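Asks: Need a 3D model of the following:
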Amino acid sequence: MTRPAFDLGVYLVTDRPALRGRELVEVVAAAVAGGAGMVQLREKTASTREFVALAKAVLAVTRPRGVPLLINDRVDVALAAGADGVHVGQDDMHPADVRALVGPRAIIGLSVTGEDEARAAIGLPVDYLGAGPVFATTTKKDAGAPQGIAGLGRMVALAEVPVVAIGAITIENAAAVMAAGVAGVAVVSAVCSAADPCAAARELAAVVRAARA
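Replies: The predicted structure is shown next:
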């Protein structure tokens, strides 16, 4: 049973502290309307019950538009909310164990932060890699050393699945990031903190389309 198609072009990773006082669902809805093709709900401080409730609320926005919602780290939350998949890091549950729990149709993403981790991901039951940080970022405190465009390109060359780049990506540098051969750009503050999240997602989507042309 194959997984449904998905578009990594503009991949929104949520961060409630970056929302400038706005509601999470409101910003996600705007981003999706602007062209975000994937959403990852990342919650590091929410209780399990709150996390599940947030996931269900976001799903009510994303699912009617055919945009997959992935849950960061928490397989239990993904299953409880009926999300479309899970994104895990190097210290989270192993992707093989995630796959055993979520089944064959769920989307699984894995973070890689350098060539060694990209090489180790070969053969794992994942659908894409999240590679970075490309540039220095303050959004994720344990993000590791920036890889730069060249390092990103090396990870792309090693990968056997699509790669989405993450780490301080903005409308100004997105074209250079796309030129490294990635399938898309994952953004946090570039959309979450934008004055107009819909317009920000639309501008990024235009850059992605131009790079694919």
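
Asks: residue boundaries of the strands in the chain?
Replies: When assigned using DSSP state E, the strands of the chain occupy the ranges 10-13, 38-41, 69-72, 85-88, 107-112, 128-131, 163-166, 184-187.

Asks: Let's have those in a markdown table, adding distance to Gly21, mean neighbour count and mean pLDDT.
Replies: Where C-beta positions appear, they are placed from N, C-alpha and C, glycine not excepted. Shown next, in a markdown table, are these (distance: least, CB to CB, whole Å; neighbours: other CB atoms under 10 Å; pLDDT from 0 to 100):
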| stretch | distance to Gly21 | mean neighbour count | mean pLDDT |
| --- | --- | --- | --- |
| strand 10-13 | 18 | 29 | 98 |
| strand 38-41 | 19 | 26 | 98 |
| strand 69-72 | 22 | 26 | 98 |
| strand 85-88 | 26 | 26 | 98 |
| strand 107-112 | 29 | 24 | 98 |
| strand 128-131 | 27 | 26 | 98 |
| strand 163-166 | 24 | 28 | 98 |
| strand 184-187 | 19 | 28 | 98 |
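
Asks: Format those as TSV; extra columns: distance to Ala157.
Replies: What follows is the strands of the chain, written out as TSV (distance: least, CB to CB, whole Å):
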stretch	distance to Ala157
strand 10-13	20
strand 38-41	23
strand 69-72	25
strand 85-88	22
strand 107-112	12
strand 128-131	11
strand 163-166	10
strand 184-187	17
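
Asks: Give me the below-cutoff pLDDT ranges for this protein.
Replies: Residues of the chain that meet the criterion pLDDT under 70 lie in 1-2, 139-143.

Asks: what's the closest of the strands of the chain to Ala174?
Replies: Ala174 sits nearest to strand 184-187 of all the strands of the chain, at 5.3 Å, using CB to CB.

Asks: Can you spell out which helices and strands pack onto the closest one?
Replies: On a contact count with 3 or more CB pairs under 8 Å, 6 or more residues apart in numbering; DSSP states H and E, strand 184-187 meets strand 10-13, strand 163-166, helix 174-178, helix 197-212.
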